[in-house]
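S.K.: Fold the stuff below for me.
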Amino acid sequence: MITTVVLHEDAFYEYFKPYHHPASTENIWGGLGLETYGKDLEIVRNIDDSYLWTVIDGESGRDQWIVSGYHFINRICYLVTEKSNEGIDFEFRAPWRPSSLTPLGLKRQVNKISRLIQAAQQRNVEKPQELRTL
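M.R.: Numbering: from 1, shown residues only. Here you go, the predicted model:
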């Protein structure tokens, strides 16, 4: 069973470390985003999915979401991060009204991400080699 992990966008920035791709031609999402067309989209298609994130419009309300991997529907832009999501289905809420986590709340969410990533990495190490290449 796959469970989506939903957290606040502050934890995304703190843990995954999104960055401005050097070949990006646009300035979107605070300079970190890759556009959904043109040269930026070509870049996106060549990025390992575990380092790629899609910013999408929420289904209701004005919130936006940062979700793991490549998505087409409701996309606003794409983000690339220094750290892999290790195949975990994360969603980070970017509230339309700016809000931040408290330092303690941020620490708790980053710790939760760290534990999930470590568990996923451990599972990968324990898989027989033939299963890792499938």
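S.K.: what are the ranges of the strands in the chain?
M.R.: 5-8, 18-19, 52-57, 64-68, 75-81, 90-94 (DSSP state E).
S.K.: Pull the residues that contact the second one.
M.R.: Looking back up the chat, that one is strand 18-19. 12, 32, 53, 79, 80, 81, 82 (Cβ atoms under 8 Å, 6 or more residues apart in numbering). To be clear about C-beta, it is placed using only N, CA and C from the backbone, and glycine gets the same treatment.
S.K.: The closest residue to the first one other than its chain neighbours: neighbour count?
M.R.: Looking back up the chat, that one is residue 12. Nearest non-adjacent residue to residue 12, counting by Cβ to Cβ, 6 or more residues apart in numbering: residue 92, 4.1 Å away. Around residue 92 there are 24 other residues, counting by other Cβ atoms under 10 Å.
S.K.: I'd guessed residue 92 sits against residue 7; true?
M.R.: Yes: counting by Cβ atoms under 8 Å, residue 92 does reach residue 7; the two are 5.4 Å apart.
S.K.: Find the nearest non-adjacent residue to residue 3, please.
M.R.: residue 89 (7.5 Å).
S.K.: Quick check: phi and psi on the one you found?
M.R.: phi -90, psi 90 (degrees, to the nearest 10).
S.K.: Look through this protein and tell me its longest helix.
M.R.: When the chain is parsed with DSSP state H, its longest helix is helix 103-126.
S.K.: Could you list the buried residues of that one?
M.R.: 106, 109, 110, 113, 117, 120 (16 or more other Cβ atoms under 10 Å).
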